[in-house]
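1. Requesting a structural model of the entry that follows:
(one chain, ligands or ions: 1)
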Amino acid sequence: MIEISDNVLDRLVDAKKVAVLTGAGISAESGIATFRGKDGIWTKLKPDELASMEAFLRNPARVLEWYEHRRTIIEQVQPNPAHIILAEMEKFYPDFSLSTQNIDGLHKKAGSTIVYELHGSILRNRCNECGRLIENIKLDELPRCDCGGLVRPDVVWFGEMLPIDILDMSYAAAQEADVYFSIGTSAAVYPAAYLPIEAKNNGAFVIEINLDTTTISNYVDVSYRGKAGEILPELWNAVKNKINAIN
Ligand code: OAD
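-> Below is the predicted model of the structure:
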């Protein structure tokens with residue numbers, strides 16, 4: 001149980017524009033490993049050996065196999081209550097958008113439609129040369145595009161730019177939001193980590209949901225400690241109860 005102040009409830013009841021940033025923590029309860037902290041992917045594997053252009057050009061087969069392994073896990077898991085509540089919130093608010101650092105596609109699988117995938121999607125591949133999207137790659141030989149370029153996952157690697165149109169839409173949403181959520185992210189990787197700060201600097205009421213304190217915990221308006229799949233349903237139920245009591 002979390003303590004939800006009247007101020008938080010009023011903000012969420014009155015808000016017209018709500019925007020959200022999610023990170024690996026929101027998918028943890030679906031069974032997908034996070035990156036940092038105990039059992040995090042980057043505590044066992046080195047990002048520069050698997051998630052960079054240098055790594056891909058050095059050993060494309062190894063990088064593609066690692067992404068294929070993760071894709072197989074991701075395709076088998078299901079959205080959890082946190083993903084599902086965010087899809088419900090999208091239907092409720094006149095202006096709602098979700099920016100995610102996750103590449104797992106679980107927000108869309110849960111029913112969210114306005115999803116800005118800042119780090120791309122592991123469910124897609126594209127040509128490393130011409131950028132064409134390519135489906136159904138086979139790994140028995142190195143997959144290549146018609147143009148001859150190597151095929152790679154459509155994700156953002158270390159050292160690469162985020163897709164500028166998606167980043168722009170995420171920033172606009174943060175700047176305009178009445179309420180902004182930062183959920184399940186360590187807020188350690190920029191520029192995504194700056195979105196809640198941008199929201200706060202532009203007048204949004206910022207709510208963080210995370211198991212632990214993060215670099216932005218002291219800066220946000222409210223920071224709830226616990227699992228997103230438990231806190232978000234509890235918070236959203238309280239909002240719905242308040243709305244029902246008003247009507
Ligand atoms: P991290 O692994 O850095 O952080 C996950 C956060 O989720 C931590 O702050 C945890 O405390 C929190 N957490 C874990 N389980 C949770 C739960 N059930 N409910 C709520 N919070 C929970 O993941 P990100 O912040 O997403 O980038 O990492 C950002 C980027 O770093 C990733 O997109 C990836 C990575 O390197 C690229 O690959 C480009």
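
2. what's the burial count for residue 212?
-> 11 (other CB atoms under 10 Å). Every C-beta, even on glycine, is put in place using the N, C-alpha and C of the backbone.

3. you'd agree it is in a strand?
-> No: assigned with DSSP: H, G, I helix; E, B strand; the rest coil, residue 212 falls outside any strand and is coil.

4. Is it in contact with residue 227, as I believe?
-> No: using CB atoms under 8 Å, residue 212 is not in contact with residue 227, being 11.4 Å away.

5. Buried ones in stretch 168-180, by neighbour count?
-> 169, 170, 171, 173, 174, 175, 176, 177, 178, 179, 180 (16 or more other CB atoms under 10 Å).

6. nope, stretch 227-239 is what I meant
-> 227, 228, 229, 230, 231, 232, 233, 235, 236, 238, 239.

7. near the ligand, from these?
-> Restricting the buried residues of stretch 227-239 to those touching the ligand (CB under 6 Å from any ligand atom) yields 227, 228.

8. which two from the buried residues of stretch 227-239 end up farthest apart in space?
-> Pairwise distances across the buried residues of stretch 227-239 (CB to CB) peak at 18.5 Å, for the pair 227 and 239.

9. Quick check: chain neighbours aside, which residue is closest to the residue of the chain at minimum distance from the ligand?
-> When scored by CB to the nearest ligand atom, the chain has residue 25 as its residue closest to the ligand, at 2.2 Å. Excluding the flanking residues, the one nearest residue 25 by CB to CB, 6 or more residues apart in numbering is residue 184, at 2.5 Å.

10. thought that neighbour was touching residue 27?
-> Yes: with contacts counted by CB under 8 Å, residue 184 reaches residue 27, the gap being 7.5 Å.

11. With only the CA atoms kept, save stretch 108-125 in PDB.
-> Extracted in PDB, the C-alpha atoms of stretch 108-125 (Å, rounded to 0.1, in the frame of the first residue of the first chain):
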ATOM      1  CA  LYS A 108       1.900  -1.900 -27.800                       C
ATOM      2  CA  LYS A 109       1.100  -5.500 -26.900                       C
ATOM      3  CA  ALA A 110      -0.800  -4.100 -23.900                       C
ATOM      4  CA  GLY A 111      -2.800  -1.800 -26.200                       C
ATOM      5  CA  SER A 112      -1.000   1.500 -26.000                       C
ATOM      6  CA  THR A 113      -1.100   3.200 -29.400                       C
ATOM      7  CA  ILE A 114       0.900   6.400 -28.900                       C
ATOM      8  CA  VAL A 115       4.300   4.900 -28.100                       C
ATOM      9  CA  TYR A 116       7.600   6.700 -28.800                       C
ATOM     10  CA  GLU A 117      10.200   4.000 -29.000                       C
ATOM     11  CA  LEU A 118      13.300   6.100 -28.200                       C
ATOM     12  CA  HIS A 119      15.700   3.100 -28.400                       C
ATOM     13  CA  GLY A 120      13.900   1.400 -31.300                       C
ATOM     14  CA  SER A 121      12.400  -2.100 -31.300                       C
ATOM     15  CA  ILE A 122      14.000  -5.500 -31.100                       C
ATOM     16  CA  LEU A 123      11.000  -6.800 -33.100                       C
ATOM     17  CA  ARG A 124      12.200  -5.000 -36.200                       C
ATOM     18  CA  ASN A 125      15.400  -5.300 -38.300                       C
END
